[in-house]
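S.K.: I'd like to go over a predicted model; first the sequence, then the structure.
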Amino acid sequence: MTHAMKRRALIKGLAAAVVAVPAAGITSSAHALSATPSAAASAATLAFDPDAYSEITTTISTDDGDKEVTYHFWSAITYVTDPVDETYQSLTVSVPVSIDGTAVDATDAPILVSNSIGGYLPSSVSTNTGVSSSRAKLAIAAGYVAVEPGARGRTLVDSDGDYYGTAPAAIVDLKAAIRYVRYNAGTIPGDTDRIVTAGTSAGGALSALLGASGGSSLYDDYLSELGAADADDVIYATGAWCPITDLENADGAYEWNWGTNETSGGSEVDQTESAELTALFETYQSSLGLTADDYGTITTDNFADYLLATYLEPAATSYLTDLSDSERTSYLSSNTFITWDGSSATFTWADYLDHVGTRTKSLPAFDAFDLSAGENNLFGLDTTEARHFTDYGLEHDTSGSGGTSLDSDIPAKLEMMNPMYFIGEGNDDRAKYWWIRTGTSDSDTALTVVGNLALSLENLGDTVDAAMYWDGAHGADEDPADFITWIGEVTGYTG
Ligand code: DHB
């Protein structure tokens, strides 16, 4: 079975049979909370109620076949004492109690905090009636605890016209969710020292940011304002799929990567502007000072070779290896740019770019001149829906409302939204285990984003499992079972 076929089979198999069982009797048990006097009010509302679950039995399709999982489900719990919007600032908890008829005890299991955020949009679990995402389902089928948090997103606007989900709202909410879980250590099932985050795209960016910024005090004021729990937000391990991150450098990276690929309209973007943005990326890339074995410092001169050898050719090799002989012959005859020596694939960067074809985004990819990109909205403030967040975008503004310089709060917001900032300063409290994936046909951002994220963590000495899926589109996750296995490996949890 190819990865893609496995993925399709998995998705089909996830149509679950949910059997609702009446909620268990509510008995009060003593909660071992060590609240400080000033946090006493919070303690009353942020205490996890271990008895407030319903019991659900469902069938979850895994690589090892269907599993019948009985689990305890806590529906939407508000994770802060002073929520702005509970619809988003709540989380669910799913804890397996038996798998295929055998009792499991998840008391010391890793806790997967899996978000479903896309597009930096609002994400709610408030009406969920059971474990929701396929990643969380696989986690409970492996005996882990799954927490699914909602978070505010960029489009939320109140009756006064104030945008209340723009940066840094989503990361603040996710950190508040982590703090809630850790605050309830000993009462909430699972090992709060083994919290693993996961997410895809904007959710992958936020997962990476949770991992990189763990323990940072940069968000404290925002967290206190919400009445977040009095606990830290350090993450043990992080999974990030196609993270749309490093936003203030992503326009240049995009042009360096996809600058000569045609847009969906069949034309090239302005090549002068593309070259100007590429030049900005060259400077940024050199400033990172990242090094790789056999390459020395990774600059825009050797990045293509590095990406080919580290990610692209291995991805193609793995894809071709998994095909049947006839499928492989057929794939190679319609993709003659690939040289296959019987066990490995090689090709040039130019041919790879040609193979991907159309670029998903126009120029600039993120800080649009007319403020029309989702990321412009992400950096909105108060009643202003969308703002520039790069000098280049501002200088080329066509919206008429750009102003003459970036707003003074923008640099701090960019830091709070970018894992590269925390990795760059070597944040000691960051996650030390990383699972990073993207598809080779994903032109929602540059491949350098994943390349730099993974390499910067490797340069700090972290354990990084980074790979790309050959021909994978934006959002691809072709080895979900391997991620679940990896969680067991890095946490040392054997059940
Ligand atoms: C997502 C995709 C994008 O292209 C982007 O700019 C931001 C977010 C997403 O799928 O989450």
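M.R.: Okay, I see it.
S.K.: give me the mean pLDDT for the one helix or strand residue 416 maps to.
M.R.: Using DSSP states H and E, residue 416 sits in helix 410-417. Average pLDDT, helix 410-417: 98.
S.K.: and that helix, what's buried?
M.R.: Neighbour counts over helix 410-417 (16 or more other CB atoms under 10 Å) mark 410, 413, 414, 415, 416, 417 as buried. Glycine gets a C-beta too; all of them are placed from N, C-alpha and C.
S.K.: what ranges does the stretch 1-150 of the chain have for its helices?
M.R.: All helices of the stretch 1-150 of the chain, identified by DSSP state H, counting those that start in this stretch, fall at 3-13, 40-46, 134-141.
S.K.: list the buried ones in stretch 299-317?
M.R.: Those would be 300, 303-304, 306-308, 310-317, for stretch 299-317 by 16+ other CB under 10 Å.
S.K.: mind listing which of those residues are in helices?
M.R.: Using DSSP state H, the subset of the buried residues of stretch 299-317 located in helices is 303, 304, 306, 307, 313, 314, 315, 316, 317.
S.K.: can you pull the residues of the stretch 251-400 of the chain lying near the ligand?
M.R.: Neighbours of the ligand within the stretch 251-400 of the chain, by CB under 6 Å from any ligand atom: 374, 375.
S.K.: if we use 8 Å, what do you get?
M.R.: Contact residues (CB under 8 Å from any ligand atom) of the stretch 251-400 of the chain with the ligand: 360, 361, 365, 366, 373, 374, 375.
S.K.: a markdown table please, covering those residues and showing neighbour count and pLDDT.
M.R.: Formatted as a markdown table, those follow (neighbours: other CB atoms under 10 Å; pLDDT from 0 to 100):
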| residue | neighbour count | pLDDT |
| --- | --- | --- |
| 360 | 18 | 97 |
| 361 | 19 | 98 |
| 365 | 27 | 98 |
| 366 | 24 | 98 |
| 373 | 22 | 98 |
| 374 | 17 | 98 |
| 375 | 29 | 99 |
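S.K.: that older thread, what's the most distant pair in the ones in helices among the buried residues of stretch 299-317?
M.R.: The most widely separated members of these, counting by CB to CB, are 303 and 317 (20.1 Å).
S.K.: run a quick neighbour tally on the residue in the stretch 351-495 of the chain positioned nearest to the ligand.
M.R.: Closest residue of the stretch 351-495 of the chain to the ligand, CB to the nearest ligand atom: residue 444 (3.6 Å). A count of neighbours around residue 444, defined by other CB atoms under 10 Å, yields 20.
S.K.: which of the helices of the stretch 1-150 of the chain has the lowest mean pLDDT?
M.R.: Comparing mean pLDDT across the helices of the stretch 1-150 of the chain, the lowest value falls on helix 3-13: a mean of 35.
S.K.: quick revisit: what is the subsequent helix or strand relative to the helix holding residue 416?
M.R.: Under the assignment DSSP H and E, the closest C-terminal helix or strand after helix 410-417 is helix 419-424.
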